[in-house]
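Peer 1: test case, fold it:
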Amino acid sequence: MYRALLTRSPAVRSFAYQSTRALASKPPPKAPKTSAPPPPPPSGQSQTPPSSEPEPKAPLSSLPSLDFIPKEESSSEGPQERTGARSSKDSLSSIERKRRFLSRVSIAFLLLGAGAATWHLGREWEEDELKEKRLKPEDAPSTRWGRTTLRLSSIFDFFTEPVWQELLPPPLPAPHQKPYTLLVSIDDLLVTSTWDRQHGWRTAKRPGVDYFLGYLSQFYEIVIFTSQYNYTAIPIVEKLDPYQFFITYKLFREACRSVNGTPVKDLSYLNRDLSKVILLDTHPEHASAQPENAVIMPKWEGAPRDRGLVAMIPFLESIAIYKPSDVRPILQAYQGKDIPLEYAKHEAADKQRHIEEWEHHKKGLSTGGFTLSSLFGGSSNVNNSPVPPTYLEQKRREAQLMYKEEQAYINSNKEQFDKMIKAEQEALAQQMPSTFWGAANAMMGGMPPPQPIPQSQPEGGEVKVTVDGAKS
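Peer 2: Model prediction:
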């Protein structure tokens, strides 16, 4: 009956099949290892030696086993044999071969171009190039290597040289151009910065700076040349010369050269004759390019009764009055000395010599007995006549009268100038955008035209104020 159930039920038949397959795939159990010798055979039986041939194993099932785990192949078993097929890294596509070829061609052309450019940099100098670099033919490098290195280094001049090749515009025509140019620094010369707990940082104006700029502007083209940046120096300059009467031009940090991180005022970029240029500064390293044109003054540290700036006026005034062809020998003669004191001694000696010459001339007239005034019945006594002024004193008196007249004109029209400055500031404020979108529109060139400003008529006469603050 059980046999009939096994043959008739498919589930039972499948279970029996799987069990039989599993039992056939298992190896026979091994006997436990013992150190005891095998038991002797029972008596009456002969002892036969063990046969060397292995006993035949039970036949295994011909079905594959599912209890088999394949071993992992290790590289330590020995070198693997090549099949002869090409690797993917050795077989490149046509696009990859093209890309590699084009990259090699590009590198070759780049190297050829660099070599040609280097060879071109060593060419002979041209006249315009020497003029642009401010080099004389005898001072320029004469070898190909020297020309190449100089032209290569000039590529980086943007970071070390002034932003303009000519810092000042060409001189004005003869009646309007001043014969000499006076470069004046700001730091510790015209102003100084002080700090205290009550007010913090403040900028103090040196005593006599207004008279210094106003008086010497008759003789010199005054140029402010400072190592400060424009956004910090412009407010100071506007306070020193609010009506723009005395300061002709303004030069800032971007007009300086950079030598080892130190700003240097190179006067060769000025577009002026250096024989007519004087630089006033308090830092010798700033004037290291042309020390023969510089006057290094002591720093002003905020003393309220300082007279050092005013004391320099007679020396600078005498140079402009006597008009030497080259100011550099005069500046070198006073180099390293107290210029106001030494010049005062020199001027006093000239005055004494002038008096002696006048007395000698007066004595000759008194002993002659005949003068032009005695011919017409006048007195011939010249002993009581005063000593005439020297040429320098006469020109100085004229310059002082001119300065007083100019100051009187400024004071009488001060309200008018203030109105013009205020109108200019309002015009600039109207042109400035008040929103982000307005600023973006202005940067893109879509700024609306400025609104016209009402005309004003001051007391002194009709002055029309335009948008840019010009008078007409």
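Peer 1: what comes up buried for stretch 400-412?
Peer 2: Residues of stretch 400-412 classed as buried: Tyr403, Glu406 (neighbour count, 16 or more other CB atoms under 10 Å). Every C-beta, even on glycine, is put in place using the N, C-alpha and C of the backbone.
Peer 1: now tell me what touches that stretch from outside.
Peer 2: If you take CB atoms under 8 Å, 6 or more residues apart in numbering as the criterion, stretch 400-412 is touched by Gly214, Tyr215, Gln218, Tyr243, Phe245, Phe417, Gly460.
Peer 1: one more time with 7 Å, if that's ok
Peer 2: Residues from elsewhere that reach stretch 400-412, judged by CB atoms under 7 Å, 6 or more residues apart in numbering: Gly214, Tyr215, Gln218, Tyr243, Phe245.
Peer 1: as JSON lines, these with neighbour count, distance to Pro169 and pLDDT would be great.
Peer 2: As requested, the contacts of stretch 400-412 are exported to JSON lines (neighbours: other CB atoms under 10 Å; distance: CB to CB, whole Å; pLDDT from 0 to 100):
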{"residue": "Gly214", "neighbour count": "17", "distance to Pro169": "23", "pLDDT": "95"}
{"residue": "Tyr215", "neighbour count": "23", "distance to Pro169": "25", "pLDDT": "96"}
{"residue": "Gln218", "neighbour count": "16", "distance to Pro169": "21", "pLDDT": "93"}
{"residue": "Tyr243", "neighbour count": "13", "distance to Pro169": "21", "pLDDT": "91"}
{"residue": "Phe245", "neighbour count": "15", "distance to Pro169": "19", "pLDDT": "92"}
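Peer 1: list just the nearest of these to Glu342.
Peer 2: The nearest member of the contacts of stretch 400-412 to Glu342, counting by CB to CB, is Tyr215 at 21.0 Å.
Peer 1: quick check: which element contains the closest residue to the closest one other than its chain neighbours?
Peer 2: Using CB to CB, 6 or more residues apart in numbering and skipping the chain neighbours, the partner closest in space to Tyr215 is Tyr403 (5.0 Å). Using DSSP states H and E, Tyr403 sits within helix 391-412.
Peer 1: could you grab the helix/strand/coil label for Gly146?
Peer 2: Using DSSP: H, G, I helix; E, B strand; the rest coil, the structure places Gly146 in helix.
Peer 1: burial measure for Leu270, as a count.
Peer 2: By other CB atoms under 10 Å, 24 other residues sit near Leu270.
Peer 1: these two touch, right, it and Gln165?
Peer 2: No - here Leu270 does not reach Gln165: they are 10.9 Å apart, not a contact under CB atoms under 7 Å.
Peer 1: for Tyr334, phi and psi?
Peer 2: Phi and psi for Tyr334, reported as degrees, to the nearest 10, are phi -100, psi 10.
Peer 1: which residue is the nearest non-sequential neighbour of it?
Peer 2: Tyr334 sits nearest to Glu342 (CB to CB, 6+ apart), 6.1 Å away.
Peer 1: so, low pLDDT: which residues of this structure?
Peer 2: Along the chain, the model assigns pLDDT under 70 to residues 1-90, 365-384, 439, 442-472.
Peer 1: ok so, going back, what about the residue nearest to Tyr215, distance to Arg397?
Peer 2: To Arg397, Tyr403 is 11 Å away according to CB to CB, to the nearest Å.
Peer 1: now swap in Pro207 and tell me
Peer 2: From Pro207 to Arg397 the distance is 24 Å (CB to CB).
Peer 1: out of these two, which sits in the busier spot?
Peer 2: Neighbours per residue, other CB under 10 Å: of Pro207 and Arg397, the larger number sits with Pro207, 17 against 11.
Peer 1: give me every residue that touches that one.
Peer 2: Pro207 makes contact with Pro304, Arg305, Asp306, according to CB under 7 Å, 6+ apart.
Peer 1: then Pro388?
Peer 2: Listed by CB under 7 Å, 6+ apart, the contact partners of Pro388 are Trp358.
Peer 1: what helix or strand does it sit in?
Peer 2: Pro388 belongs to no helix or strand, assigned by DSSP H and E.
Peer 1: over to it: give its phi and psi.
Peer 2: The phi/psi pair for Pro388 (degrees, to the nearest 10) reads phi -70, psi 150.
Peer 1: swap in Asn413?
Peer 2: When read as degrees, to the nearest 10, the backbone of Asn413 gives phi -110, psi 20.
Peer 1: burial check on it, number of neighbours?
Peer 2: The number of residues packed near Asn413 is 17, by other CB under 10 Å.
Peer 1: now it: how far from Phe245?
Peer 2: Distance from Asn413 to Phe245, by CB to CB: 11 Å.
Peer 1: quick one: the helices in the stretch 301-450 of the chain, in order.
Peer 2: 308-311, 313-322, 328-333, 339-368, 372-375, 391-412, 414-431, 436-443 (DSSP state H, counting those that start in this stretch).
Peer 1: who wins for proximity to Ser94 among the ones you listed?
Peer 2: The nearest among these, by CB to CB, is helix 436-443 at 49.8 Å.
Peer 1: end-to-end on stretch 233-246?
Peer 2: Criterion CA to CA, to the nearest Å; first-to-last residue distance in stretch 233-246 is 16 Å.
Peer 1: buried ones in it?
Peer 2: By neighbour count on 16+ other CB under 10 Å, the buried set for stretch 233-246 is Ala233, Ile236, Val237, Leu240, Asp241, Phe246.
Peer 1: re earlier: filter the contacts of Pro207 down to the buried ones.
Peer 2: Buried members of the contacts of Pro207, scored by 16+ other CB under 10 Å, are Asp306.
Peer 1: for the contacts of Pro207, give me a markdown table that also has distance to Ile330.
Peer 2: Shown next, in a markdown table, are the contacts of Pro207 (distance: CB to CB, whole Å):
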| residue | distance to Ile330 |
| --- | --- |
| Pro304 | 32 |
| Arg305 | 29 |
| Asp306 | 25 |
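Peer 1: for Val184, state which of the contacts of Pro207 is nearest.
Peer 2: Asp306 (16.0 Å).
Peer 1: quick check: the closest one touching Trp300?
Peer 2: Yes - contact status for Asp306 versus Trp300: in contact at 5.7 Å, counting by CB under 7 Å.
Peer 1: what sits in contact with each of the two?
Peer 2: Joint contacts of Asp306 and Trp300 (CB under 7 Å, 6+ apart) are Arg206.
Peer 1: just the strands in the protein please.
Peer 2: For the chain, the strands defined by DSSP state E cover 180-184, 191-196, 200-205, 220-225, 247-251, 257-259, 262-264, 277-281, 294-296.
Peer 1: which one of those strands is the most hemmed in?
Peer 2: Ranked by mean neighbour count, the strands of the chain are led by strand 180-184 with a mean of 24 (mean count of other CB atoms under 10 Å).
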